[in-house]
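S.K.: how would this look folded up:
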Amino acid sequence: MAGKFSQWFRTERERPPKRDKREAVLRLTPLQQSILHWLRHELRRRQRVGDTGMIPYPELVSALHADKASVTSEVRTLLKKGLLSVTLPTGGWVRYVTLTETGETQAKTLSGHMQQARHRR
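M.R.: Just a heads-up that it's a prediction; the model follows:
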């Protein structure tokens, strides 16, 4: 019994080392994963055709089978995590969405996990 209480009275507590933010595992909702996955494949398709490297935001919303409010909320979260960037060209009405380098890396790992899950079935 004394062993249980003695841990409270230790002056020097051993704490696990803090992890660096870069090492932390990104937890993404299924909708966030879908956004990253769809953006990566759409950007790659457009690059092959020679089109711009940015996607109009309304096109992203219409491609996903979710309501606009949910997509907007998840895009904001992905922006905070540094996986997406959004731009509004001067004089334009439509915002454009693209992946950052970190977002591209995350989307690649998601694609790898999705392919592994398909092969397991």
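S.K.: how about Gly53, what does it touch?
M.R.: By C-beta atoms under 8 Å, 6 or more residues apart in numbering, the contact set of Gly53 is Leu43, Arg46, Gln47, Thr98. Every residue, glycine included, has its C-beta placed from N, CA and C.
S.K.: pLDDT weak spots in the protein?
M.R.: Along the chain, segments meeting pLDDT under 70 span 1-25, 113-121.
S.K.: can you give me the strands in it?
M.R.: Under the criterion DSSP state E, the chain contains strands at 55-56, 84-87, 96-99.
S.K.: Need the contact partners of the first one.
M.R.: Applying C-beta under 8 Å, 6+ apart, the contact partners of strand 55-56 are Leu39, Glu42, Leu43, Arg46, Val94, Arg95, Tyr96, Val97, Thr98.
S.K.: Neighbouring strands of it in the sheet, and parallel or not?
M.R.: Next to strand 55-56 in the sheet, as set by DSSP bridges, lie strand 96-99 (antiparallel).
S.K.: For the partner strand, list the C-alpha coordinates in PDB.
M.R.: The C-alpha coordinates for strand 96-99 follow below in PDB (Å, rounded to 0.1, in the frame of the first residue of the first chain):
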ATOM      1  CA  TYR A  96      -9.100  28.000 -55.100                       C
ATOM      2  CA  VAL A  97      -7.900  25.100 -53.000                       C
ATOM      3  CA  THR A  98      -4.600  23.300 -53.300                       C
ATOM      4  CA  LEU A  99      -2.500  20.900 -51.300                       C
END
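S.K.: Check the strands of the chain for me and report the most buried one.
M.R.: strand 96-99 (a mean of 20; mean count of other C-beta atoms under 10 Å).
S.K.: tell me the contacts of Arg95?
M.R.: Counted by C-beta under 8 Å, 6+ apart, Arg95 has contacts Pro56, Tyr57, Val86, Thr87, Leu88.
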